[in-house]
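[1] Pasting a predicted model and its sequence here:
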Amino acid sequence: MAATRIMPVHRSAAGAAQTVKATIDYVKNPGKTNGGLFVTGYECDPDIAAEDFMLSRDEYLFNTGRGQVEGEILVYHVRQSFVPGEIAGADSANRLGHRLAMELTEGDHSFIVCTHDDRPHLHNHIVINAVNLGCDKKFRNEIASFRRVREISDRISAENDLHVIENPGFGKGARNRCKKTTKRDGLAALIDEILAAGPPKDFGGLLKQLEKSGCAIRRRGQTVSVRPPGAERFFRFKSGKNGLPEGYDEQSLKKKIAEMQAGAENELRDDCNSSAENMAAGVQSDAKRSDDYSSAGDDKELPLDAGAATIDELTGLLFIWVDHDRKIESLIDIENSIKAQNSPGYERWAKSFNLQQAAETLLFLQTNNLTDMADLTQAANQAKNDYDALQKRIDAADARMKEVNALQRHMGAYDKGREVYSRYLRSGRDPKIRLENEKALAAVEEAKAYFDSLGFEKLPTIKELQAEYSALSQEKDDCREARNGMRRHVVDLQSAKKNIEMLLGIDGGRDDERAKKKSLGDDR
């Protein structure tokens, strides 16, 4: 038995790219997906799904000529929760989530499926790209789409000998639940989401996050109460009557936040130790660099803030952080991150993440022999231009295919109505013949006007048009395959350029000579 929910994710004030990245980062949380083991993708690489989705959106805007709109739907977030103990394992749950997404999108949209096993009940988070694979349409989120999600999920559950919800209720949240939920339950779920996104600094930080989510906070003496959006009453931070569910009282939450903060610190130390072990095991084959680091002593602290180190230092020290299975992701702007300001644990994780991505970026640049900023900028621009050129060829082929289709249609209509049109002209345009053959005559006249607009001296044959259409279709498929193959390289170059600009303090919008000549291996 699975409870489902579908939620459109709208563009926030942070921007389209950041909105998509935040959503995907949350569902891919390594602590909830067994280190990313239970993360799978369709027609996209989960490691760069956010960048891939944004490239598709750019192509969609280009193909349709539409501009950015306020509140634009960027992705759809589907949740699928299973009863504890009913699914054999997270890998099985992930496969069921993949089937649900495939049937819901009919295979025409890329998506990722992330199975969380951190709760007693296994549950899937599915993020679907709103733009289709052809980058010319968007997902149709019909009024009753939540019913379709439930029906697909129920059918898949039945096929796998799982219980199916009987007489499900549908509320304002387009939810399909095993039982009726209350505002009290919803408030507990909201607290879970806030904690999952990154532990706040303390209990006061949790209250601030609740207020940002639309809750009202009331303090009377030592008692703190909260009222969720849409509720008429306040709930006290204590178990029992007029309180929250067990485990959500003030003391329990303070203890949980403290444990999560300690866990973040331990995770950071484990990452450092793991990175050192990887170096010793031969992740970096350069023996001299390994010896240089070893001779520095076990007590040498790794710089957590990548932006504070020079490129020379990064080149010499960061190779122990390189994980060859990871892909380049954009660095986090910690100084301007509200999340980092409110959560020391998240800030420490972000510094570790930046260090790893700085190392990945440097390795990528060395592998591709991009030795200075000018080379990197030129390579990134050239890759984007080549990508755009392929897209223009695709658009041109598609436009011509539409013209060929229209020409074939008009030629067919003309051929079909030519005899009656000749009879109509020989009759001196007899109104009676016109009335009896209105549609056929109108089609012939429309075809003649279309032919005249094209300026043909001689019309091509149907056989010639069919051959041209076939060649255009092949060219379009070849260009799409080449474009899709380039997408990853374009994203890596753009991410590398952005990361280096951040590390060197270069304004990406400036084009002065100093920024162009800034050496990636020389921070002097």
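    Yes, it's here.

[2] residues making contact with stretch 425-434?
    Applying CB atoms under 8 Å, 6 or more residues apart in numbering, the external contacts of stretch 425-434 come out as Val420, Arg423, Tyr424, Leu441. In this view, the C-beta of every residue, glycine as well, is placed from N, C-alpha and C.

[3] Please name the nearest non-neighbouring residue to the second one.
    Taking CB to CB, 6 or more residues apart in numbering as the measure, Arg423 lies nearest to Ile433, with 6.6 Å between them; neighbours along the chain are not counted.

[4] tell me the mean pLDDT over the helix or strand harbouring the one you found?
    Element membership of Ile433 [criterion: DSSP states H and E] is helix 431-436. Mean per-residue pLDDT for helix 431-436: 90.

[5] Any buried residues in that helix, and which?
    Ile433 (16 or more other CB atoms under 10 Å).

[6] could you say what helices and strands the helix or strand just after it packs with?
    Next along the chain after helix 431-436, taking DSSP H and E as the criterion, comes helix 438-454. Applying 3 or more CB pairs under 8 Å, 6 or more residues apart in numbering; DSSP states H and E, one finds that helix 438-454 contacts helix 373-426.

[7] okay, the angle between the helix it packs on and helix 438-454?
    Angle of helix 373-426 versus helix 438-454, following axes from the mean of the first three to the mean of the last three CA atoms, to 10 degrees, is 130 degrees.

[8] Show me the strands in the stretch 251-400 of the chain, by range?
    Read by DSSP state E, counting those that start in this stretch, the stretch 251-400 of the chain holds no strands at all.

[9] for the stretch 51-200 of the chain, same thing?
    Per DSSP E, counting those that start in this stretch, the stretch 51-200 of the chain carries strands over the ranges 73-82, 111-116, 123-129, 175-176.

[10] Go through those and name the closest to Ile217.
    strand 175-176 (25.9 Å; CB to CB).

[11] Show me where the stretch 1-150 of the chain dips below the pLDDT cut-off.
    For the stretch 1-150 of the chain, applying pLDDT under 70 flags the ranges 1-2, 141-144.

[12] now for the contacts of stretch 425-434, which pair is the farthest apart?
    Greatest spacing in these, by CB to CB: Arg423 and Leu441 (10.0 Å).

[13] So if I had to pick from those two, which one is more boxed in?
    Leu441 (19 against 12; other CB atoms under 10 Å).

[14] need the contact list for the more buried one.
    Leu441 touches Gly417, Val420, Tyr421, Tyr424, Arg434, counting by CB under 8 Å, 6+ apart.

[15] Ala482 contacts Leu390, correct?
    Yes - taking CB atoms under 8 Å as the definition, Ala482 is a contact partner of Leu390 at 5.7 Å.

[16] more crowded one of these two?
    Leu390 (19 against 14).

[17] Now the more buried one. Nearest residue, chain neighbours left out?
    Sequence neighbours aside, Arg483 is the residue nearest to Leu390 in space, at 4.2 Å (criterion: CB to CB, 6+ apart).

[18] who's Arg219 bridged to?
    Beta bridges link Arg219 to Val224, judged by DSSP bridges.

[19] Next, count neighbours for it.
    9.

[20] what's the answer for the one 10 residues further on, then?
    Residue crowding around Pro229 was assessed by other CB under 10 Å; the count is 12.

[21] How about Arg155?
    14.

[22] and stretch 35-55, how far out from the chain's middle?
    7 Å (CA atoms, centre = their mean, to the nearest Å).

[23] if we can go back for a sec, now tabulate the strands of the stretch 51-200 of the chain in TSV and tack on mean neighbour count and distance to Lys137.
    Formatted as TSV, these follow (neighbours: other CB atoms under 10 Å; distance: least, CB to CB, whole Å):
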stretch	mean neighbour count	distance to Lys137
strand 73-82	22	13
strand 111-116	26	15
strand 123-129	26	11
strand 175-176	22	27
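
[24] in the stretch 151-300 of the chain, which spans are helices?
    Applying DSSP state H, counting those that start in this stretch to the stretch 151-300 of the chain gives helices spanning 183-196, 203-212, 250-281, 287-295.

[25] worst average pLDDT in the ones you listed?
    Averaging pLDDT over each of the helices of the stretch 151-300 of the chain puts helix 287-295 lowest, since it has a mean of 36.

[26] His123 contacts Val83, correct?
    No - between His123 and Val83 there is no contact under CB under 8 Å: 10.4 Å.

[27] Next one: the residue nearest to Arg423 relative to Tyr421, how far apart?
    10 Å (CB to CB, to the nearest Å).

[28] and if you look at Ala379?
    For Ala379 relative to Tyr421 (CB to CB), the value is 60 Å.

[29] One more: Lys254?
    For Lys254, the distance to Tyr421 - CB to CB - is 86 Å.

[30] out of those two, which sits in the more crowded spot?
    Shown here are Lys254 and Tyr421; by other CB under 10 Å, Tyr421 has more neighbours (20 against 15).
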